[in-house]
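> Quick one, structure for this:
(one chain, ligands or ions: 1)
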Amino acid sequence: MSTAVAGKGLEGIVAANSGICWIDGEAGVLAYRGIDIHELAVNSTFEETTYLLWNGHLPNPLALREFQAQLALARELDQRIIDMLRSFPASATPMEVLRTAVSALSFYDADEKDNSHDANVRKSYNLTAQIAMIVAIYDRLRKGKEIVPPDRSLSHAGNFLWMLNGVKPSETATRTLDIALILHADHELNASTFAARVIAATLSDIHSAVTGAIGALKGPLHGGANEAVMRLLLAIDKAGADPVEYVKNMLAAKQKVSGFGHRVYKTEDPRATHLRKMSEQLGKDAGQSKWFEMSRAIELYVKNEKKLNANVDFYSASTYAMLGIDIDLYTPIFAISRIAGWAAHVIEQLDDNRLIRPRAEYIGPIYPTHWTSMDTRG
Ligand SMILES: CC(C)(COP(=O)(O)OP(=O)(O)OC[C@H]1O[C@@H](n2cnc3c(N)ncnc32)[C@H](O)[C@@H]1OP(=O)(O)O)[C@@H](O)C(=O)NCCC(=O)NCCS
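Next comes the predicted model:
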């Protein structure tokens, strides 16, 4: 049987029906359950947005209170997971640690063997709370600091900053992170979400799906780009170089500039609009606009020279830097948010499941090519 070859990298291929996230790449529109991301970024919270992604509609006040309480209650990590975090080698990156620890979370989840809709919702609360805790706790452990117990009175963003730093976060820091989490919460069939759906569709389990998704997110063409952007800014700063000249040389050497380009957006990534604004404001507030100004100069140059727009990762870097967050936590923070979307997609997949099993166009040696004995091989 001969099959048509899909666009390389499945470009332009529609691979699922989904009611979660809508993107118009030409117009630069992103909407969760029909609600424009700009409205959510200004008015919503990560918790409300997660409720929206999981339930398909905004919560009323009581439903939101219950949802927040459920998420806060789920801030529990089995001691054996913490012991495991202590045992990882110093060379382990937080993203590798997260991938491995999330896989182990299933052992201690009461619903481990239950793949029903309701069990997966319960596991999604746990995963959402636990992923943020793992990132914060591992960072404390690797720095030889005491673990900070969760504060259930704080929001998801606020509690993460609290557990990370051991001081109550400012309103500005909490709201900045909260907006970043809203912006990263879902993005249709991005690579990690597609990976999660493929795994879920085999009727494996949500922990396996999320573990696979974290592995996909880690790559520098996906979530890993935010860390790569900051490493670029630091390299330019260290070299005392002009950012535009530096990037010009990269492009001349046919290198990609992290934080630019997108498979779907052909115009401004609507998430970048908010991150740019926050990066600029935080820089102004701190009287430390270096990272923002460097980023802006690079953005204008790349846009003008290559017609490439900054994506979600470009200004995440300088925003997180201004929040005082370590570079190798940037991609884990993406995961702290994207678990909302992964969970929504896994549950949606399982509610109307069919195995995801595409075909490949065969381009190998002609069939039949025969096995030959060793003494006849050159
Ligand atoms: C996001 C990304 C993977 C999309 O990839 P894609 O749709 O497969 O697009 P391609 O990699 O095929 O790029 C198409 C063209 O634009 C160029 N291009 C794309 N992104 C570029 C970048 N960040 N810097 C320089 N050139 C870039 C490619 O070199 C290619 O040029 P060519 O046709 O002359 O070879 C890609 O833009 C990229 O690698 N960006 C940097 C990593 C990043 O920021 N990832 C986070 C995405 S949210």
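> hey, let's count contacts and neighbours off CA atoms from now on
Noted.
> Strands of the stretch 101-250 of the chain, residue ranges please.
Along the stretch 101-250 of the chain, counting by DSSP state E, counting those that start in this stretch, no stretch forms strands.
> which bits of it sit near the ligand?
Counting by CA under 6 Å from any ligand atom, the stretch 101-250 of the chain comes close to the ligand at 220-222, 225.
> between those residues, which has the most around it?
Looking at those with neighbours defined as other CA atoms under 10 Å, the largest count falls to residue 225 at 26 neighbours.
> hang on, that one packs against residue 219?
Yes: applying CA atoms under 8 Å, one finds residue 225 in contact with residue 219, separated by 7.5 Å.
> hang on, residue 321 packs against residue 329?
No: applying CA under 8 Å, one finds residue 321 not in contact with residue 329, separated by 10.3 Å.
> so what sits against both of those two?
The contact sets of residue 321 and residue 329 do not overlap (CA atoms under 8 Å, 6 or more residues apart in numbering).
> any weak-confidence spans in the stretch 101-250 of the chain?
Of all residues in the stretch 101-250 of the chain, none has pLDDT under 70.
> Tell me where it has helices.
All helices of the stretch 101-250 of the chain, identified by DSSP state H, counting those that start in this stretch, fall at 117-142, 156-165, 171-184, 191-201, 206-217, 225-239, 243-252.
> could I get the second one in PDB with only the CA atoms?
Pointing back at helix 156-165 there. Provided in PDB are the C-alpha atoms of helix 156-165 (Å, rounded to 0.1, in the frame of the first residue of the first chain):
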ATOM      1  CA  HIS A 156      -0.100  28.000  42.600                       C
ATOM      2  CA  ALA A 157       2.400  30.700  41.400                       C
ATOM      3  CA  GLY A 158       2.800  32.200  44.900                       C
ATOM      4  CA  ASN A 159       3.400  28.800  46.600                       C
ATOM      5  CA  PHE A 160       6.000  27.800  44.000                       C
ATOM      6  CA  LEU A 161       8.000  31.000  44.600                       C
ATOM      7  CA  TRP A 162       7.500  30.500  48.400                       C
ATOM      8  CA  MET A 163       8.800  26.900  48.300                       C
ATOM      9  CA  LEU A 164      11.600  28.000  45.900                       C
ATOM     10  CA  ASN A 165      12.900  31.000  47.900                       C
END
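> Point out the other elements, helices or strands, that it touches.
Helix 156-165 is packed against helix 46-55, helix 117-142, helix 171-184, with contacts defined by 3 or more CA pairs under 8 Å, 6 or more residues apart in numbering; DSSP states H and E.
> So what angle separates the directions of the longest one and helix 206-217?
Angle, helix 117-142 to helix 206-217, by axes from the mean of the first three to the mean of the last three CA atoms, to 10 degrees: 50 degrees.
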